[in-house]
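Participant: here is my input; please provide its structure:
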Amino acid sequence: MKQFSAYALVGLANTAIHWSSFFILLWMTGHQSIANLVGFLLAATFSFYVNCHWTFGSTPTGKRYLLMVSFLGILSFVMGIIADNLKLLPIITLIAFSAISLMVGFLFSKWVVFKD
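Facilitator: Numbers count the residues shown, from 1 in each chain. Got it, this is the predicted structure:
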């Protein structure tokens, strides 16, 4: 539970980075898929390093970074495509991705990325 709490706290900062990037990029491009992917990548890089050191006490490696960013990046992009096709409001896309990536991201990080 302590690890999940730390992960969730990092997730709050991560969410602020993702959401602000998303809205700026959506305004610039008009595409949720692109805005969500790039916003995610910025936030995921921050999240990876902070979670690596603080939440999981692990050493960052290129392999771990690629695993995490690839997995969650695909999730982010797919959710953006679904949102574009369903013509969802951008805020719905962000809320859905934030909720799903919190749960799925924690489990993937704990059991795959940072498993020693």
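Participant: where does the prediction get shaky in this structure?
Facilitator: Across the chain, no stretch falls below the confidence threshold (pLDDT under 70).
Participant: what are the buried residues along the lengthiest helix in the chain?
Facilitator: Determined from DSSP state H, the single longest helix within the chain is helix 2-29. Within helix 2-29, the residues that count as buried by 16 or more other Cβ atoms under 10 Å are 6-7, 10-11, 14-15, 17-19, 21-22, 25-26. Glycine gets a C-beta too; all of them are placed from N, C-alpha and C.
Participant: export the residues you listed as JSON lines, with columns for distance to Val112.
Facilitator: What follows is the buried residues of helix 2-29, written out as JSON lines (distance: Cβ to Cβ, whole Å):
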{"residue": "Ala6", "distance to Val112": "18"}
{"residue": "Tyr7", "distance to Val112": "14"}
{"residue": "Val10", "distance to Val112": "17"}
{"residue": "Gly11", "distance to Val112": "18"}
{"residue": "Asn14", "distance to Val112": "18"}
{"residue": "Thr15", "distance to Val112": "22"}
{"residue": "Ile17", "distance to Val112": "23"}
{"residue": "His18", "distance to Val112": "21"}
{"residue": "Trp19", "distance to Val112": "26"}
{"residue": "Ser21", "distance to Val112": "25"}
{"residue": "Phe22", "distance to Val112": "26"}
{"residue": "Leu25", "distance to Val112": "28"}
{"residue": "Leu26", "distance to Val112": "30"}
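Participant: show me which pair in those is furthest apart.
Facilitator: Using Cβ to Cβ, the two most remote members of these are Ala6 and Leu26, lying 30.0 Å apart.
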